[in-house]
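**Student:** Fold the stuff below for me.
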Amino acid sequence: MSSNDEQSGLGDRLSGSLFGGETRSADYQAWADRLRAKRDKAKQFVADHAEPSTENQASYWSTDALFAESARVRDHEAATACTAREMADRKVQLASDLGLRGEISLSSANNAWRRLAKLHHPDRYLAADQSVQDHHAAEMIKVNTAYAALKKLLLFDA
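**Tutor:** Purely as a prediction, here's the structure:
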């Protein structure tokens, strides 16, 4: 058999049933048509359910919206600014929420948080009553909030 005959036979096998040939092309075309129909249906749904926009309505990315958000953040930071004494009192309060007494450091806060997380983690109480689960879930939220705030204050001081 010559090399032309071998190449011709190989070409027939590649375009024929060995790799799917026309069947695979038809399957691909059907798949592409289904995706187009799905995309068109989604676009139509969005168009039908979109709220009518007004000319003066600010978009999320408008300059006014961005500056308004910046002003809101600046006002919130100004309202929550505190003195050094208030910050120290806040650290003591957060540390007591974590069960810490005396020296407050980042490592002691980490250890206290881990200890309380092991105690109150909701996965430990899957078989318990709903009231017990709710109590420990609330405690876990309290512990996580106190730890996050204390960690932020301790890192701020460093």
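
**Student:** right, and the helix or strand after the helix or strand containing Q29?
**Tutor:** Here Q29 sits within helix 21-49, counting by DSSP states H and E. As assigned by DSSP H and E, the chain's next helix or strand after helix 21-49 is helix 63-80.

**Student:** now that following helix: mean pLDDT?
**Tutor:** Helix 63-80 shows a mean pLDDT of 74 in the predicted model.

**Student:** Put the alpha carbons of that helix into CSV.
**Tutor:** The C-alpha coordinates for helix 63-80 follow below in CSV (Å, rounded to 0.1, in the frame of the first residue of the first chain):
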residue,chain,number,x,y,z
THR,A,63,-20.0,60.1,40.0
ASP,A,64,-22.7,61.3,42.4
ALA,A,65,-23.3,57.8,43.7
LEU,A,66,-19.6,57.2,44.3
PHE,A,67,-19.1,60.5,46.1
ALA,A,68,-22.3,59.9,48.2
GLU,A,69,-20.9,56.6,49.3
SER,A,70,-17.5,58.3,50.2
ALA,A,71,-19.4,60.9,52.2
ARG,A,72,-21.4,58.2,54.0
VAL,A,73,-18.2,56.3,55.0
ARG,A,74,-16.5,59.5,56.1
ASP,A,75,-19.5,60.5,58.3
HIS,A,76,-19.6,57.1,59.8
GLU,A,77,-15.9,57.1,60.6
ALA,A,78,-16.3,60.6,62.2
ALA,A,79,-19.2,59.4,64.3
THR,A,80,-17.3,56.4,65.6
